[in-house]
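Participant: Okay, predicted coordinates and the sequence, questions at the end:
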Amino acid sequence: MIGASLGAAAYERAPEISGILAGAGPVEDTRPARLSAKTDAILTLSGIGIAFGGVKALSDVDLEVKGGEIRAVIGPNGAGKSSLINIISGLYHADRGRIAIDGQSFSRVPASRLARLGVARTFQNLALFGGLSVRDNIASGRVHTRRASFVEHIAGLPRARREDARIAEKVDRTIAFLHLDTVADRLVATLPYGLQKRVELARALVAEPKILLLDEPMAGMTATEKAEMAGFVRAARDRHGVTIILIEHDIGVVMGLSDRVAVLDYGRKIADGTPAEVRTDPAVIRAYIGTADGEGI
């Protein structure tokens with residue numbers, strides 16, 4: 001389930017490393033510590049760095065994400081985008097720096113507690129269960145909420161039935177929200193690629209996260225599918241108050257959808273601001289087209 005891109009050009013060309021989580025350095029305390037400072041940021045990254053085999057994928061990256069915003073992270077291939085999102089979701093362990101999620105500070109985000117921390121994500125490469133229906137795939141996003149035991153479910157005891165009913169209700173609402181009603185009972189493997197990407201978004205949203213990490217949710221889509229997906233992403237924020245961190249290669253989509261944009265290049269943050277500010281930043285122009293001459297992205 002780990003995306004193929006590791007964020008540095010050398011690692012995007014070396015998929016065999018994609019299964020290795022960084023963390024060979026000294027063991028650090030991973031227990032959360034409550035933050036004392038008042039802030040409207042729901043997610044803060046401070047001095048994040050990670051290297052693979054001596055190659056730095058990220059160097060001293062700071063990022064602040066405010067509650068309720070759509071925050072994009074962009075950059076050329078190998079800039080470190082997927083490494084960053086994998087660190088936020090606990091798939092990679094940063095060599096240095098700290099991450100604060102909704103008031104709890106970590107040196108290493110515990111992936112096993114991600115859903116309980118209010119974080120959900122989609123993956124660059126589809127991570128669905130092809131042999132299950134759309135409805136069952138979406139329902140898997142609520143597994144962390146189950147409290148009834150296996151025996152209770154087998155026996156059909158009241159607590160298990162109540163859980164099943166609550167999950168079914170939330171799945172039905174998510175299906176309706178993403179206009180998946182007509183395919184809800186089809187096997188995911190039989191769906192077109194664009195619909196599969198929408199199912200993956202549904203599985204993340206049904207968990208009712210505070211923070212949603214979207215790793216190239218529109219990759220491989222047609223222009224029409226991208227426009228539809230952008231509408232769903234915006235609606236998730238506007239209707240449900242979800243804070244969204246978006247990695248996406250389509251700059252046009254990013255600039256039209258995001259509140260603020262951070263730009264990475266060779267593992268370092270080179271720009272951060274509104275879409276209007278970023279598109280005319282000389283450092284960003286150089287990173288994308290190799291020259292500071294021109295009128296921006």
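Facilitator: Arrived safely, thanks for sending. Numbering: from 1, shown residues only.

Participant: got the buried residues for stretch 223-232?
Facilitator: 225, 226, 228, 229, 230, 232 (16 or more other Cβ atoms under 10 Å). Using the backbone N, CA and C atoms, a C-beta is placed for each residue, glycine as well.

Participant: Export those as TSV, with columns for secondary structure, pLDDT and distance to residue 257.
Facilitator: Formatted as TSV, the buried residues of stretch 223-232 follow (DSSP: H, G, I helix; E, B strand; the rest coil; pLDDT from 0 to 100; distance: Cβ to Cβ, whole Å):
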residue	secondary structure	pLDDT	distance to residue 257
225	helix	92	14
226	helix	93	10
228	helix	94	13
229	helix	94	10
230	helix	94	5
232	helix	95	11
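
Participant: The residue nearest the centre of the chain: what secondary structure?
Facilitator: With distances taken as Cα atoms, centre = their mean, residue 213 lies nearest the centre of the chain, 1.8 Å away. Per DSSP: H, G, I helix; E, B strand; the rest coil, the local secondary structure of residue 213 is strand.

Participant: ok, it touching residue 121?
Facilitator: Yes. If you go by Cβ atoms under 8 Å, residue 213 and residue 121 touch, sitting 3.8 Å apart.

Participant: Give the residues shared as contacts by the two.
Facilitator: Contact criterion Cβ atoms under 8 Å, 6 or more residues apart in numbering; residues shared by residue 213 and residue 121: 85, 89.

Participant: helices or strands next to the helix or strand encompassing residue 57 in the packing?
Facilitator: For residue 57, the element it lies in under DSSP states H and E is strand 55-66. Contacts defined by 3 or more Cβ pairs under 8 Å, 6 or more residues apart in numbering; DSSP states H and E place strand 55-66 against helix 9-12, strand 41-52, strand 70-74, helix 81-88, strand 243-247, strand 260-265, strand 268-273.

Participant: cutoff 7 Å now
Facilitator: Strand 55-66 is packed against strand 41-52, helix 81-88, strand 268-273, with contacts defined by 3 or more Cβ pairs under 7 Å, 6 or more residues apart in numbering; DSSP states H and E.

Participant: Name the residues of it that are buried.
Facilitator: For strand 55-66, the buried set under the neighbour-count rule, 16+ other Cβ under 10 Å, comprises 56, 57, 58, 59, 61, 63, 64, 65.

Participant: quick one: low-confidence parts of the stretch 151-297 of the chain?
Facilitator: Within the stretch 151-297 of the chain, the set of residues satisfying pLDDT under 70 comprises 151-153, 155-161, 289-297.

Participant: Apply 80 and report the result again.
Facilitator: Along the stretch 151-297 of the chain, segments meeting pLDDT under 80 span 151-165, 289-297.

Participant: Repeat that for the stretch 1-150 of the chain.
Facilitator: Residue ranges of the stretch 1-150 of the chain with pLDDT under 80: 1-39, 124-125, 143-150.

Participant: Now do the helices in the protein.
Facilitator: In the chain, the helices defined using DSSP state H lie at 9-12, 81-88, 134-139, 150-155, 158-177, 193-205, 223-240, 251-257, 275-279, 282-289.

Participant: The ones you listed into CSV, with extra columns for distance to residue 110?
Facilitator: Output for these, formatted as CSV (distance: least, Cβ to Cβ, whole Å):
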stretch, distance to residue 110
helix 9-12, 24
helix 81-88, 12
helix 134-139, 24
helix 150-155, 24
helix 158-177, 24
helix 193-205, 18
helix 223-240, 25
helix 251-257, 30
helix 275-279, 32
helix 282-289, 33
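
Participant: Looking at these, which is nearest to residue 69?
Facilitator: Distance to residue 69, taken as Cβ to Cβ, is lowest for helix 223-240 among those, at 7.7 Å.

Participant: Touching the closest one from outside, list them.
Facilitator: With contacts defined as Cβ atoms under 7 Å, 6 or more residues apart in numbering, helix 223-240 is touched by 68, 70, 178, 194, 197-198, 201, 205, 212, 214, 217-218, 221, 242, 244, 250, 253, 257.
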